[in-house]
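Asks: Sequence and predicted structure below; questions after.
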Amino acid sequence: MTGARVVVSSDQDKKPHEGAPVLAARGIGKRFGGIVALSDVHFELASGEIHALMGENGAGKSTLMKILSGVYPQYEGEVLLDGMPVSFANVRQAEAAGIAIIHQELNLVPELTVADNVFLGREPRIAGLVIDRKAGRAAARDLLGRLGINLDPDMRVGNLRVGEQQLVEIAKALSFSARILIMDEPTSALSPLECERLFRIVRQLAREGVAIVYISHRIDEVMHLADRVTVFRDGRHVMTSIMTELTEDHIIAAMVGRDLLAATAADMTERGATLLSVRDLTLEKPHRRGWRKVLRGVSFDLHAGEILGIGGLLGSGRTEILETIFGSATGRPGGEIRIRGELADIRSPRDARRLGLAMVTEDRKGQGLHLQSSITDNVALPLVGRLARFGIRSFAGETRLARQAVQALGIRCESVGQAAGTLSGGNQQKVVIGKWLATQPRVLLLDEPTRGIDVGAKREIYDLVFHLARKDGLAIVVVSSEMPELLLLSDRILVMSEGRQTGLIKRDEASEERIMQLAAPYGRKAAA
Ligand code: ADP
Ligand code: MG
């Protein structure tokens, strides 16, 4: 079923493609209401090349591909096919011109068979009238055979695995002899074996002369597969380069912003005193009639000015580390926490706060932020007691504090009286961080600080985190599920797997691959 196992390796015989492009996009702009999705971008594709398109979420990758494949007929700029201007009014016209797209979300009819899906709307007919199912099946088998896939054309697509459904999409694209194949994040739901099979097919198609646009945010796979890479950021073209001239760092820098990386590297020369030491931290949670260990022996030191990242899969214990340190974990904690060398007995967030700790939770709407309340009330909330004089709230003091936060963090708002719920996601997050900074913490714990906020605001949060560490000397712990974010922010990365600390790696030793290895559940690691 799965075909031969092919080792992923870059083909030596392939050259960069410098001939005339089969497809070119110039000066493309696209808006959705007030949102600028693309602004003056260009993109070129040569026949037989695998061209990776990369960029963070919201960079505009899918939007450009939807323009090239006729999904969005309205846009600025021009598209050239074999040097001739074209404009597709719909997907059918793009298909007729040989451009096929496999969307992030697959577009198959689960109730129909493989063969019916491949030829949907273009079924072979007997004398142009009756659908010729036999011919359809044979043609489908032919196509699948060409891809080296052993799939039964009579299978219902709904019964296939996602990886197999993707192959049906590819067969469908080939059924109208696509010369240009666009694949939008094809491997996000595939197993490693299915990925390898897909890579083999993609390479074969490229050898046959098909031009392939391959969208992915998995850097290692792109480096193995692609001949060229183009990076978008915030709807703009950042670079196009031949893969062999690039390192992973180049690509990440282009994706998240070069300036930011340079700033980090420059400032990472010294680190301050040890602010937080954690030894053999454990946490047990009630489970059925007994206890279940969710943290088993986590240990690290954190210095002033340092950013420690925590990586791992969902449920590996990342958030529990923060909660256990902050005194907000439910269950039975164990181990030793020292703040500036002093043994700390933290039984509640109140204890933690008193010792100079602050924590920004993952769920900013649930725990961090009061959406109905003003920016002032949110920022001043943990401090109402401290700001009060003789037991009377100091509204002037609270307003001053809120204004300071707005200015220091670059919160975009009309006034500090504005309800927090009316701010954008990025600005809401800044309010939450501002609220905690008002307590003047020395150690800041951040859980998924950029979840659900757009790219521009993300970079502002990154800037803020760097500033707080490098300039203000805070010690910062960041839990993140986003690999580029983790790699960008962290001076060291602690990797968790099933409640265990499986690694503590330095910035220059860290890579997406290494982290994935360490994060893999124990069973799978043993099998690998
Ligand atoms: P990517 O594929 O690189 O993640 P997209 O092309 O999907 O990025 O999105 C680029 C920007 O355009 C984002 O800010 C996104 O929210 C916005 N966008 C994309 N499609 C639509 C749409 N149909 N309506 C409104 N905004 C959209
Ligand atoms: Mg997309």
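Replies: All right, it came through fine. Ligands and ions are numbered 1, 2, ... in the order given.
Asks: Dihedrals phi and psi, Ala273?
Replies: Backbone torsions of Ala273, given as degrees, to the nearest 10, read phi -70, psi 160.
Asks: Please name the nearest non-neighbouring residue to it.
Replies: Ala304 (5.4 Å; C-beta to C-beta, 6 or more residues apart in numbering). C-beta here means a position set from N, CA and C on the backbone, and glycine is covered the same way.
Asks: I'd guessed the one you found sits against Leu275; true?
Replies: Yes. In this structure, Ala304 is within contact of Leu275 by C-beta atoms under 8 Å, at 5.3 Å.
Asks: Comparing the two, which residue is more hemmed in?
Replies: Leu275 (23 against 20; other C-beta atoms under 10 Å).
Asks: give me the number of residues near Met516?
Replies: 15.
Asks: Surely it is within a helix?
Replies: Yes. Counting by DSSP: H, G, I helix; E, B strand; the rest coil, Met516 is located in a helix.
Asks: thinking again about what came up before, what residues are shared contacts of Ala304 and Leu275?
Replies: Common contact partners of Ala304 and Leu275 (C-beta atoms under 8 Å, 6 or more residues apart in numbering): Arg442, Ala475.
Asks: name the helices or strands packed onto the helix or strand hosting Val477?
Replies: Element membership of Val477 [criterion: DSSP states H and E] is strand 475-479. Secondary-structure packing of strand 475-479 (3 or more C-beta pairs under 8 Å, 6 or more residues apart in numbering; DSSP states H and E): strand 274-287, strand 290-303, strand 307-312, helix 318-326, strand 443-447, helix 483-489.
Asks: I'd like those as a markdown table, with distance to Gly136 and mean pLDDT appended.
Replies: Formatted as a markdown table, the helices and strands packed on strand 475-479 follow (distance: least, C-beta to C-beta, whole Å; pLDDT from 0 to 100):
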| stretch | distance to Gly136 | mean pLDDT |
| --- | --- | --- |
| strand 274-287 | 54 | 94 |
| strand 290-303 | 53 | 94 |
| strand 307-312 | 47 | 96 |
| helix 318-326 | 50 | 96 |
| strand 443-447 | 52 | 95 |
| helix 483-489 | 43 | 91 |
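Asks: Just tell me which of those ends up closest to Arg218.
Replies: Closest to Arg218 of the helices and strands packed on strand 475-479, according to C-beta to C-beta: helix 483-489, at 8.6 Å.
Asks: With only the CA atoms kept, save stretch 478-494 in PDB.
Replies: Only the C-alpha atoms of stretch 478-494 are listed here, as PDB (Å, rounded to 0.1, in the frame of the first residue of the first chain):
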ATOM      1  CA  VAL A 478       8.500  31.200  27.500                       C
ATOM      2  CA  VAL A 479       6.300  28.200  26.700                       C
ATOM      3  CA  SER A 480       5.600  28.000  23.000                       C
ATOM      4  CA  SER A 481       4.200  25.500  20.500                       C
ATOM      5  CA  GLU A 482       5.600  27.500  17.500                       C
ATOM      6  CA  MET A 483       9.000  26.300  16.600                       C
ATOM      7  CA  PRO A 484      10.200  29.500  14.900                       C
ATOM      8  CA  GLU A 485       9.100  31.500  17.900                       C
ATOM      9  CA  LEU A 486      10.900  29.100  20.300                       C
ATOM     10  CA  LEU A 487      14.100  29.200  18.200                       C
ATOM     11  CA  LEU A 488      14.000  32.900  17.900                       C
ATOM     12  CA  LEU A 489      13.400  33.900  21.500                       C
ATOM     13  CA  SER A 490      15.200  31.300  23.600                       C
ATOM     14  CA  ASP A 491      18.800  31.500  24.800                       C
ATOM     15  CA  ARG A 492      18.300  27.900  25.900                       C
ATOM     16  CA  ILE A 493      15.400  25.500  25.300                       C
ATOM     17  CA  LEU A 494      14.200  23.000  27.800                       C
END
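Asks: Now that stretch: buried residues?
Replies: Residues of stretch 478-494 classed as buried by neighbour count (16 or more other C-beta atoms under 10 Å): 478-480, 482-494.
Asks: Quick check on Met496: phi, psi?
Replies: phi -110, psi 150.
Asks: before we move on, back to that, residue contacts, the residue nearest to Ala273?
Replies: Arg271, Gly272, Ala273, Leu275, Arg442, Gly473, Leu474, Ala475.
Asks: Which strand or helix spans the closest residue to Ser424 other than its chain neighbours?
Replies: Setting aside the residues directly before and after it, Ser424 is nearest to Ala457 in space (C-beta to C-beta, 6+ apart), at 6.7 Å. Counting by DSSP H and E, the element that carries Ala457 is helix 455-466.
Asks: and for that helix, what are the contacting residues?
Replies: So helix 455-466 is contacted by 56-59, 233-234, 256-257, 260, 263-264, 267, 307, 409-410, 424-427, 429-430, 433, 446, 449-450, 453, 476, 478, 485, 488-489 (C-beta under 8 Å, 6+ apart).
Asks: Any residue of it touching ligand 1?
Replies: No. Counting by C-beta under 6 Å from any ligand atom, ligand 1 has no neighbours in helix 455-466; the shortest distance is 7.7 Å.
Asks: Okay, angle between that helix and strand 443-447 too, please.
Replies: Orientation check (axes from the mean of the first three to the mean of the last three C-alpha atoms, to 10 degrees): helix 455-466 against strand 443-447 gives 150 degrees.
Asks: please begin residue numbering at 18 from this point
Replies: In the new count, where the first residue is 18, that last one comes out as helix 472-483.
Asks: what's the spacing between helix 472-483 and its chain's center?
Replies: 15 Å (C-alpha atoms, centre = their mean, to the nearest Å).
Asks: Can you give me the buried ones in it?
Replies: Val472, Ala474, Lys475, Arg476, Glu477, Ile478, Tyr479, Asp480, Leu481, Val482, Phe483.
Asks: With stretch 417-430 instead?
Replies: In stretch 417-430, counting by 16+ other C-beta under 10 Å, buried: Leu418, Ala419, Ala422, Val423, Leu426, Ile428, Cys430.
Asks: and if you look at stretch 231-240?
Replies: So stretch 231-240, judged by 16+ other C-beta under 10 Å, has buried residues Tyr231, Ile232, Ser233, His234, Arg235, Ile236, Glu238, Val239, Met240.
Asks: Not counting sequence-adjacent ones, nearest residue to whichever residue of the stretch 368-517 of the chain sits closest to ligand 1?
Replies: Here the residue of the stretch 368-517 of the chain nearest ligand 1 is Asp471; by C-beta to the nearest ligand atom that distance is 6.1 Å. Nearest residue to Asp471, sequence neighbours excluded (C-beta to C-beta, 6+ apart): Gly75, at 5.5 Å.
Asks: Assumed that neighbour was part of a strand.
Replies: No. Counting by three-state DSSP, Gly75 is not part of a strand but coil.
Asks: Which of the buried residues of stretch 495-511 sits closest to Ser86?
Replies: Looking across those and measuring by C-beta to C-beta, the closest to Ser86 is Pro501, at 26.7 Å.
Asks: From Ala111, how far out is the closest one?
Replies: 31 Å (C-beta to C-beta, to the nearest Å).
Asks: Bridging across strands, which residues link to Val460?
Replies: Leu374, Ala492 (DSSP bridges).
Asks: Repeat that for the one 4 residues further on.
Replies: Per DSSP bridges, residues listed as beta-bridge partners of Asp464: Val496.
Asks: wait, isn't it in contact with Ala375?
Replies: No. Counting by C-beta under 8 Å, Asp464 sits too far from Ala375 to count as a contact (11.7 Å).
Asks: if we can go back for a sec, ok, the residue of the stretch 368-517 of the chain closest to ligand 1 - contacts?
Replies: Contacts were defined as C-beta under 8 Å, 6+ apart; by that measure Asp471 touches Gly75, Ser441, Gly442, Gly443.
Asks: Can you turn the buried part of those residues into a ChimeraX selection?
Replies: In ChimeraX, a selection of the buried entries from those looks like this (16+ other C-beta under 10 Å):
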select :75,442,443
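Asks: Keep the contacts of Asp471, but drop any that are not near ligand 1.
Replies: Counting by C-beta under 6 Å from any ligand atom, Gly75 from the contacts of Asp471 sit close to ligand 1.
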